[in-house]
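K.L.:
this one's structure only:
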């Protein structure tokens, strides 16, 4: 990685109100007040059954490099902030503890996916980047995985750099796409930075540059005999492109003892064209020549193509993946849930007329329960940080909304989802290779039931509260209602 992310200082990439609040906390004596914040999300993109955690590594790098420069201080001085506060920022040292669910893990609405505990000025200040890093990459990883699953084992390549929303969107989107299951990306700099395999062949301009399509194909085959994939739709896929590709394979590769890698179709009715092209390649003696499809694809189109008998071996997916165009927002939020007083965490809640916006209070931990026999995930449980689950004893789970829906589970194993990332400012995070995260993601998705994996109307995975946490949440809601009534 070589700290690729931070050739720029991003400390000031924050909402301005984080700075005004920090100044207010400082002046009102809360510089050392300890608070707990949770990041969670409320809705799964594309109305899917689960999302995928991604973007943690970039958040870690940001937190490791939090430092206000003299230029930052001078800018803030010009905005009217006082010298004591500016001196605090000039000598800023990150002291928070951070926990997060590992990248590649399936995640669900309502559960804490990042938890921050530390001086309230610091924990509040990092809100924007916590959300920016996790929201963006989790969105793209989730979309990529939907497309990968729709392809039913066929390879997906991320081809969206030129349509991404900014160069950061291209670079980090490519990383997230590989975490979600893509085999590689067209984004070269992402490969250089993160090891996301860079893939690519030719554009139509290569074919147009030469006097004839056949000349273009032969020149490419001569230059790249071990990785020869030819783009066959520049003029006429079936009458020109595929025949010229076969002629190139016969006249250039075969004498060299090489086999073609593939052909790519980028326009037209790809289902029809791929069936015809497959027949032509097989009859010419190239059954091992793969067919790659691209051109504004997504999971719905890919699934329909395969149902209609498309003979496509791999897909290049661009704009609809890198922007998650069908569901372009991952609505993660960051909320204060507890404040430490006299060494104890005092639970805090945000109340709203919109029930979905009522937060779950307290310093919490999150467990995932698995059936011991099948290894399949049963439910997630959010509990207070001092609650520990003993898997040797039965445990009663209940729906936090429809509380009469209860189930006692036995013969289960459970794991804590939130893992330490920083311990009072010291980084304890261990970086993982992006391809390792991709494999972990695949393994974790295999623990979900097929009903959760459905594209349409998936089963709602259970995220439950412990009885103790549910009681506290109910108590705080009732207390707030009483205050309103008294008013």
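P.N.:
Yep, that arrived. Please read these numbers as outputs of a predicted model, since none were measured by experiment.

K.L.:
so how far is residue 274 from residue 230?
P.N.:
Note on residue 230: its distance to residue 274, by C-beta to C-beta, to the nearest Å, is 14 Å. Placement of C-beta: from N, CA and C, glycine included.

K.L.:
which of those two has more neighbours?
P.N.:
residue 230 (29 against 23; other C-beta atoms under 10 Å).

K.L.:
OK, contacts around that one?
P.N.:
By C-beta atoms under 8 Å, 6 or more residues apart in numbering, residue 230 lies in contact with 201, 202, 217, 220, 221, 241, 245, 248, 260, 262, 263, 264.

K.L.:
low pLDDT regions in the stretch 1-150 of the chain?
P.N.:
1-7 (pLDDT under 70).

K.L.:
what segments of it are strands?
P.N.:
34-41, 51-52, 97-100, 106-107, 114-119 (DSSP state E, counting those that start in this stretch).

K.L.:
looking at these, which is buried most?
P.N.:
Looking across the strands of the stretch 1-150 of the chain with neighbours counted as mean count of other C-beta atoms under 10 Å, the highest average goes to strand 51-52: a mean of 26.

K.L.:
what sits up against that strand?
P.N.:
With C-beta under 8 Å, 6+ apart, strand 51-52 has contacts from 41, 44-45, 104-108, 138, 141-142, 145, 179-180, 330, 441.

K.L.:
pairing partners for it, with directions?
P.N.:
Here strand 51-52 has these sheet partners by DSSP bridges: strand 106-107 (antiparallel).

K.L.:
how far off centre is the partner strand?
P.N.:
10 Å (C-alpha atoms, centre = their mean, to the nearest Å).

K.L.:
please apply the same query to stretch 327-341.
P.N.:
17 Å.

K.L.:
middle-most residue in the protein, spatially?
P.N.:
residue 138 (2.1 Å; C-alpha atoms, centre = their mean).

K.L.:
so that residue makes contact with residue 106?
P.N.:
No: counting by C-beta atoms under 8 Å, residue 138 does not reach residue 106; the two are 10.8 Å apart.

K.L.:
burial of the residue lying closest to residue 226 once chain neighbours are set aside, as a residue count?
P.N.:
Leaving aside its chain neighbours, residue 226 sits nearest to residue 258 (6.6 Å; criterion: C-beta to C-beta, 6 or more residues apart in numbering). For residue 258, the neighbour count with other C-beta under 10 Å is 16.

K.L.:
right, and residue 258 touches residue 227 too?
P.N.:
No: at 9.8 Å, residue 258 does not count as touching residue 227 under the criterion of C-beta under 8 Å.

K.L.:
picking up where we left off before, got the contact list for the residue nearest to the centre of the chain?
P.N.:
Residue 138 neighbours (C-beta under 8 Å, 6+ apart): 41, 51, 52, 53, 54, 55, 107, 176, 330, 332.

K.L.:
mind redoing it with 7 Å?
P.N.:
Counting by C-beta atoms under 7 Å, 6 or more residues apart in numbering, residue 138 touches 51, 52, 53, 54, 55, 330.

K.L.:
that one and residue 108: what is the separation?
P.N.:
On the measure of C-beta to C-beta, residue 138 and residue 108 end up 12 Å apart.

K.L.:
how about residue 30?
P.N.:
Taking C-beta to C-beta, one finds residue 30 at 33 Å from residue 108.

K.L.:
next up, phi/psi of the nearest residue to residue 199 once chain neighbours are set aside, please.
P.N.:
With C-beta to C-beta, 6+ apart as the criterion, residue 199 has its nearest non-adjacent residue at 4.1 Å, and that residue is residue 184. In terms of degrees, to the nearest 10, the main-chain angles of residue 184 are phi -180, psi -170.

K.L.:
give me the domain ranges for the chain.
P.N.:
Here the chain is described, according to automatic domain parsing, as comprising the domains 4-140+328-486, 156-322.

K.L.:
related to what we said a few turns ago, need the pLDDT of the residue nearest to residue 199.
P.N.:
Looking at residue 184, its pLDDT reads 97.

K.L.:
ok, residue 201 next?
P.N.:
87.

K.L.:
and it, that one's in a helix?
P.N.:
No: checked against DSSP: H, G, I helix; E, B strand; the rest coil, residue 201 lies outside a helix; its state is coil.

K.L.:
please tell me I have it right and it contacts residue 229.
P.N.:
Yes: counting by C-beta atoms under 7 Å, residue 229 is a contact partner of residue 201 at 4.3 Å.

K.L.:
who touches both of these two?
P.N.:
Counting by C-beta under 7 Å, 6+ apart, the residues touching both residue 201 and residue 229 are residue 264.

K.L.:
ok, these two, which is more surrounded?
P.N.:
Remark: of residue 201 and residue 229, residue 229 carries more neighbours, 22 against 19, as counted by other C-beta under 10 Å.

K.L.:
isn't the more buried one right next to residue 261, touching?
P.N.:
Yes: shown here, residue 229 and residue 261 form a contact pair, counting by C-beta under 7 Å, at 4.6 Å.

K.L.:
quick one, helices of the stretch 101-250 of the chain?
P.N.:
Using DSSP state H, counting those that start in this stretch, the helices found in the stretch 101-250 of the chain span residues 120-125, 127-150, 167-179, 188-194, 204-209, 213-223, 242-248.

K.L.:
let's have those helices in TSV, adding distance to residue 392.
P.N.:
Output for those, formatted as TSV (distance: least, C-beta to C-beta, whole Å):
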stretch	distance to residue 392
helix 120-125	36
helix 127-150	34
helix 167-179	34
helix 188-194	41
helix 204-209	64
helix 213-223	63
helix 242-248	63
